[in-house]
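Peer 1: Let me see the structure of the following:
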Amino acid sequence: MSFARPEILRPPSEHASYYLPLTSGCSNNSCSFCAFSFTNLGIRELDEVKREIDAMSLYMNQRMWVAGMPDIMYEILNDWNGKKVFLQDGDALVYPYPKLIEALQYLNQKFPAIERIASYSTPQDILRRSLNELKELKEQKLGILYMGVESGDDEVLLRIQKNATHQQMVEAAKKVKESGILLSVSVILGLGGVKGSEKHALETAKILTEMDPDYAGALTLTLIPETGLYKELQRGEFELISPFDSLRELKTIVENSTFSNCLFSSMHASNYYSIRGYMPGDRNKVLKQLNTLLSKKDPNMLRPEFMRGL
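Peer 2: Okay, the predicted model is just below:
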């Protein structure tokens, strides 16, 4: 079965990257809130990856096109400055380790000016790799991993079929940090529903403190039709929190988490309000913003529903 190039889904901070597919879908395709739950994991042949890197090199150095390469490749290359590469798809770190090292070595050989390579990763992917393997990937310029934490509440994690526990995610974070690779994590406001809202927020603050990532981003739950969590909502088994309750969760997380030095934000398009600050230094400034919003409860201060997105 031939490899189908995935659509581009990437962290906001990878907007200037070249998107190089090693996989399609996600190895943990069970999360009940996620669009990846509809996918199966596809592994791209290493020879095919190398052919794309060769075609990239020909175009960037000599403006030569290679027959049979996808148009999207050249569209991305037209705007690429040659400095950052994001490995697709949902968890490219699952790519077989010897082939992953070989792919990165080949990429660096063809593009020695690359400054940073990035990838999504599940906690399971990280725990599967030894510390030495992660350090070897760091030597090949794998500079940052993006991990979806979603919640620190084990009950929520079990319900959404994350297939990872609070403690496993903390272990994965510590391993990444020890390897020298930057860690960016995301959590989802509202994932505990109305009943589990406070516990979800407090346990999420706890896991963020224990992980102490370099970057942390809060998203707001946006239900995707036909996902497991959407069906729970339809059956009355799950109740969405209100926009202002999502901000109350955000405030709880900011108030109760402790970081060494973390850029914490809610800049993602799913959120009703955007905050951004380096923690702990900007904590009071961010809390002041959130307290103002929560005291006024003016819907006009929030991002309207039609402007929210995934």
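Peer 1: Find the residue closest to I144 in space, skipping its chain neighbours.
Peer 2: Computed as C-beta to C-beta, 6 or more residues apart in numbering, the closest residue to I144 that is not its neighbour in sequence is L182, at 4.1 Å. For glycine as for every other residue, the C-beta is placed from the backbone atoms N, C-alpha and C.
Peer 1: actually I126, not the one I typed
Peer 2: Nearest-residue entry for I126: A172, 4.0 Å, with adjacent residues in sequence omitted and distances by C-beta to C-beta, 6+ apart.
Peer 1: Go ahead and confirm the residue nearest to I144 touches K141.
Peer 2: No - in this structure L182 lies outside contact range of K141 using C-beta atoms under 8 Å: 11.9 Å.
Peer 1: related to what we said a few turns ago, kindly provide the distance from the residue nearest to I144 to L263.
Peer 2: According to C-beta to C-beta, to the nearest Å, L182 stands 10 Å off from L263.
Peer 1: what's the overlap in contacts for these two?
Peer 2: Common neighbours of L182 and L263 (criterion: C-beta atoms under 8 Å, 6 or more residues apart in numbering): 214-215.
Peer 1: My guess is the residue nearest to I126 contacts L131. True?
Peer 2: No - using C-beta under 8 Å, A172 makes no contact with L131, being 11.5 Å away.
Peer 1: biggest helix in this protein by residues?
Peer 2: The helix spanning the most residues in the chain, taking DSSP state H as the definition, is helix 46-62.
Peer 1: So which elements touch that one?
Peer 2: Based on contacts counted as 3 or more C-beta pairs under 8 Å, 6 or more residues apart in numbering; DSSP states H and E, the elements that helix 46-62 packs against are strand 18-21, helix 71-79, helix 97-110.
Peer 1: Quick check: which of the ones you listed is buried the most?
Peer 2: strand 18-21 (a mean of 22; mean count of other C-beta atoms under 10 Å).
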